[in-house]
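Novice: coordinates only, sequence not included:
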C-alpha cells in the first residue's frame, strides 16, 4: 500500500474520516478489481455492468419507438391517400359522396392531425414495451384523443352533431388501420426476432416453481432469450435469509451478460429484496410474478406474451432520465461557477490568511461504478489537524467511537473560517468542478470514503454506487450530521431505489431552505 503523505493525512482528517479510508484495498493483478475494507469487498466489475445494460435497454427503447412512430406515420399517410382516392371517385360516385361528407378536404388539418396522433398514442402508452404497443383498446383511445385534439374547435361551432359523427368516423378508421399495422409489425418481428438483438434474461426460481408454465411463457414471447438460471433448492439458510445460491446473482449476470432478471415463483421477502437490489445495481430490467409487497420499489404491470408480470426496475426509463440529469448537472454547475467564482476566490484568500496551507483539499471518495475520485472541498481545518487530534487521547477515542466525527464545539482542529464554512455549507462549493468533470452530480447520495462501505454491506454498497454522489441529496436535506449510521444508509438507499428526475428537482428545491436552517451542518 502506498504510504500516506503529510498533506494527504491532513486531508483525510479534514474530511473527518479514518486515515485508512484514503486508500483502496490492494488487489491481485489477475483478480477482479475490488474496493472497500476487510468486511466489504465490492465487485466493481459486476457493478459496472449497469452502464452497459442501461445503455442497451435505452437503445432498444429508441429502436422500438422509432420503428413504431415511422410505422404510424406511414399508416397515417397511407390512409390519407386512400381517403383522397375515395373522394376522387375511386370506388364510384356514391362512395365519393359519403367519403367527402365524412372526411371533407382540410377536415383534419393535414400534418396537425399526424402530430396529434403521435402525441396521443404516446399518452395512451402505445409505444411501451410488451403487449401494450398492440393493445387495440389503447390504439382506439389514442385515435379518439387525436381526433378530439384536431376537432376541438368544431365542438364549439353550430355543427356540433356533425363534428361528433365525423370524429367517430376518424377514430374508427384510424384505430382499425393502426391495429392492422401493429399486428403486421408484430408478425414481422416474430419472424425476425431470433436474428435481432433481443434482451438476454436470467431466471431466478425455486426448485418447486412451475417450470412448465415458465417454458410456455418463454415460447410465446420473443422479448428476451433465457441465457441462464439461478435455481434455489430447499437447502437454503432458512428463517427468511437469502439463499447462498442467490448471492452469486451479480456474478451470474455478469458472466451471462444478462440484461433482464425474471423472478419466477415464490421468493422470501429477503430473497426478493436482494434480487431487486442486484438488478438495480447491474442495470437489469426486473420482471416478477405479481405479489403483495415490493420492498420500496415502484412496480408497474406489464403484459408480455399474454401474461401479466410486474416490472420493478425499468432501466430504459432510467436511461432517459439519467441523460436529462447529466444535462441538468452541466448547466447547473456551469451557471453556479459563473456566478460563484468571485465568492470562491474570496473564500480561498480568507482561508489562507487565517491558516497556512492550501485553500482547497482533495480526498479520495467512492464514485459511481466504484471509481475512486478526488473530491474537492475548501479546507476547514488546521494544517496540523492530525497532530492536534492525536495529542488528546480521550478526544481521539471519542472521535473513533463517533464514526470518525466530533461535535463541532468540541473539535479543536477547526479554524474559525472553517466553522463558518461548514455551518453555511460553503466548503462544498469546489465540488461544482467535480460535477463538470462527471465525477459527481448536483443531487445524489453523499460521497463516502471506502471504509464507510462497511455500513452498507455488500449488495447495498452495489446499490449505493449505481448513482453518482451529489453535492446535495436526501441525507443532506434531512438533517445531515443529525442522522448517523445505520439510519443514514437507509435514507440514501431509499432515495436511490425510488430515484427519479422529479425527486432530484424536489431535493434541489429543499436544499436552500435546509442550508439556511443550518440543521446538522458541521
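Specialist: Yep, that arrived. Nothing here was measured: the structure is a model prediction, and the numbers come from that model.
Novice: I'd like to know how far the closest residue to residue 226 other than its chain neighbours sits from residue 215.
Specialist: Distances taken as Cβ to Cβ, 6 or more residues apart in numbering place residue 201 nearest to residue 226, at 5.2 Å, with adjacent residues excluded. C-beta coordinates here come from the backbone N, C-alpha and C atoms, glycine included. Going from residue 201 to residue 215 by Cβ to Cβ, to the nearest Å gives 13 Å.
Novice: Give me the more crowded residue out of the two.
Specialist: residue 201 (22 against 11; other Cβ atoms under 10 Å).
Novice: Could you give the average pLDDT over whatever helix or strand the more buried one lives in?
Specialist: If you go by DSSP states H and E, residue 201 is part of strand 199-206. For strand 199-206, the mean per-residue pLDDT is 88.
Novice: Note down every partner strand of that strand and its orientation.
Specialist: strand 224-232 (parallel), strand 260-264 (parallel) (DSSP bridges).
Novice: got the buried residues for stretch 358-368?
Specialist: 359, 360, 361, 362, 363, 364, 365, 366, 367, 368 (16 or more other Cβ atoms under 10 Å).
Novice: I'd like those residues laid out as a markdown table, including secondary structure and pLDDT.
Specialist: Shown next, in a markdown table, are these (DSSP: H, G, I helix; E, B strand; the rest coil; pLDDT from 0 to 100):
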| residue | secondary structure | pLDDT |
| --- | --- | --- |
| 359 | coil | 91 |
| 360 | strand | 91 |
| 361 | strand | 86 |
| 362 | strand | 89 |
| 363 | strand | 86 |
| 364 | strand | 90 |
| 365 | strand | 92 |
| 366 | strand | 90 |
| 367 | coil | 90 |
| 368 | helix | 87 |
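Novice: for those, which one is nearest residue 287?
Specialist: Nearest to residue 287, judged by Cβ to Cβ, of the buried residues of stretch 358-368 is residue 368 at 25.0 Å.
Novice: what's the spacing between the residue nearest to residue 330 when sequence neighbours are not counted and residue 483?
Specialist: Spatial nearest neighbour of residue 330, excluding adjacent residues (Cβ to Cβ, 6+ apart): residue 436 at 6.9 Å. Distance, residue 436 to residue 483, by Cβ to Cβ: 29 Å.
Novice: repeat for residue 139
Specialist: Distance of residue 139 to residue 483, computed by Cβ to Cβ: 49 Å.
Novice: now residue 352
Specialist: With Cβ to Cβ as the criterion, residue 352 and residue 483 are 33 Å apart.
Novice: Spell out, range by range, the strands that occur in this structure.
Specialist: 34-37, 40-43, 199-206, 224-232, 260-264, 285-288, 300-304, 307-313, 360-366, 372-378, 441-443, 470-472 (DSSP state E).
Novice: Name the residues of stretch 249-266 that come out as buried.
Specialist: 249-250, 252-254, 258-265.
Novice: Among the residues you listed, which pair sits farthest apart?
Specialist: 254 and 265, at 23.6 Å, using Cβ to Cβ across the buried residues of stretch 249-266.
Novice: ok, now which ones touch the closest residue to residue 321 other than its chain neighbours?
Specialist: Take residue 321 and drop its neighbours on the chain: the residue closest to it by Cβ to Cβ, 6+ apart is residue 501, 4.4 Å away. Going by Cβ atoms under 8 Å, 6 or more residues apart in numbering, residue 501 touches 321, 324, 325, 328.
Novice: Likewise for residue 71?
Specialist: 181, 182, 185.
Novice: Single out whichever of the residues you listed has the smallest pLDDT.
Specialist: residue 185 (82).
Novice: Chain neighbours aside, what residue packs nearest to it?
Specialist: Nearest to residue 185 is residue 71, by Cβ to Cβ, 6+ apart, at 5.7 Å.
Novice: Residue 126 versus that neighbour, what's the distance?
Specialist: 11 Å.
Novice: swap in residue 480?
Specialist: Taking Cβ to Cβ, one finds residue 480 at 45 Å from residue 126.
Novice: Check residue 418 too.
Specialist: In terms of Cβ to Cβ, residue 418 sits 57 Å off from residue 126.
Novice: Name the residue most distant from the centre of this protein?
Specialist: What lies farthest from the middle of the chain is residue 93; by Cα atoms, centre = their mean that is 58.4 Å.
Novice: May I have the predicted confidence score for that residue?
Specialist: 83.
Novice: Who is the closest residue to residue 379 other than its chain neighbours paired with across the strands?
Specialist: Spatially, and ignoring its direct neighbours in sequence, residue 379 is nearest to residue 361 (4.9 Å; Cβ to Cβ, 6+ apart). Note on residue 361: beta-bridge partners by DSSP bridges are residue 377.
Novice: And the one 5 residues further on, by the same measure?
Specialist: Each beta-bridge partner of residue 366 is listed here: residue 372, residue 448, as defined by DSSP bridges.
Novice: Do I have it right that it meets residue 447?
Specialist: Yes. Using Cβ atoms under 8 Å, residue 366 is in contact with residue 447, at 7.0 Å.
Novice: Give the intersection of the neighbour lists for the two.
Specialist: residue 469.
Novice: Would you mind listing the residues in contact with the residue nearest to residue 343 when sequence neighbours are not counted?
Specialist: In space, and not counting its chain neighbours, residue 343 is closest to residue 429: 7.5 Å by Cβ to Cβ, 6+ apart. Residue 429 is in contact with 336, 340, 343, 344, 347, 378, counting by Cβ under 8 Å, 6+ apart.
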